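got a structure for you, letters missing:
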């Protein structure tokens with residue numbers, strides 16, 4: 001049995017919520033998109049990504065193919081509008097087939113796996129600070145306060161289709177496992193240890209855990225839009 005909780009919040013310092021999300025147990029599809037671009041264009045980009053991925057997956061395409069089509073559609077829309085600045089969005093998405101899951105992502109929205117009472121970030125951010133970590137120039141702890149920690153190196157609508165790096169990962173979803181999809185508005189304010197503490201409350205519903213995550217991000221300052229989806233297998 002699959003249970004999921006979901007919530008988005010504008011945060012405490014933004015006027016617009018440019019995050020969007022989707023969850024459908026029947027289709028076996030969940031996603032979080034974090035839009036960027038100013039003048040409400042981030043909101044447009046994330047909505048375009050959501051609609052394109054849902055439509056394309058429904059028609060039988062793979063997750064990575066659906067994300068590539070979303071990238072092309074956002075770029076086309078931006079060109080039609082003659083925007084001087086491109087609008088863009090990150091995306092993290094998950095498909096579920098029976099007891100197999102596949103996740104795909106572009107940008108710094110993340111997916112975490114809770115298994116055997118341990119939390120692991122299974123996605124890898126497409127970000128400037130992640131590249132610095134990979135080079136050994138800074139530590140993950142230093143990345144949390146780095147002035148350029150919000151700079152992404154890949155985004156739908158911004159990265160040309162031929163250079164788009166849609167990363168995917170798959171595995172078995174066994175009873176007791178949880179998958180968390182979230183925008184960086186959560187991980188900016190709540191560290192992995194605190195996320196793990198909240199997900200450890202398996203006596204709570206998935207929705208109660210998500211509510212707890214959003215509340216923790218708001219307590220941490222709520223500097224950005226915050227979105228989280230928690231998919232749990234029983």
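Alright, I've got the coordinates. Keep in mind it's a predicted model, so treat the numbers as computed, not measured.

run through the residues that contact the most centrally placed residue in the chain.
Against the mean C-alpha coordinate of the chain, by Cα atoms, centre = their mean, the closest residue is residue 109 at 3.3 Å. If a contact means Cβ atoms under 8 Å, 6 or more residues apart in numbering, then residue 109 has 32, 33, 34, 90, 91, 92, 123, 181, 182, 183, 184 as its contacts. In this view, the C-beta of every residue, glycine as well, is placed from N, C-alpha and C.

nearest to residue 51 among these?
residue 33 (10.2 Å; Cβ to Cβ).

what sits against the residue nearest to that closest one when sequence neighbours are not counted?
In space, and not counting its chain neighbours, residue 33 is closest to residue 46: 3.9 Å by Cβ to Cβ, 6 or more residues apart in numbering. Contact partners of residue 46, counting by Cβ under 8 Å, 6+ apart, are 18, 19, 20, 33, 34, 35, 89.

list the buried residues of the strand ranked longest in the chain.
Scanning the chain for the longest strand, with DSSP state E as the assignment, gives strand 88-97. Taking 16 or more other Cβ atoms under 10 Å as the neighbour-count basis, strand 88-97 is seen to contain the buried residues 88, 89, 90, 91, 92, 93, 94, 95, 96.

so the first one bridges to which residues?
This means residue 88. With DSSP bridges as the criterion, the beta-bridge partners of residue 88 are residue 36.

state the distance from the nearest residue to residue 195 once chain neighbours are set aside to residue 103.
In space, residue 195 comes closest to residue 119 once its chain neighbours are excluded; the distance is 6.1 Å by Cβ to Cβ, 6+ apart. As judged by Cβ to Cβ, to the nearest Å, residue 119 and residue 103 stand 15 Å apart.

for the two, indicate the residue with more neighbours.
Between residue 119 and residue 103, counting by other Cβ atoms under 10 Å, residue 103 is the more crowded of the two (23 against 18).

list the residues that contact the more buried one.
Listed by Cβ under 8 Å, 6+ apart, the contact partners of residue 103 are 63, 92, 93, 94, 111, 122, 123, 168, 169, 170, 179, 181.

quick one: which of those sit in helices?
Among the contacts of residue 103, the subset assigned to helices under DSSP state H consists of residue 63.
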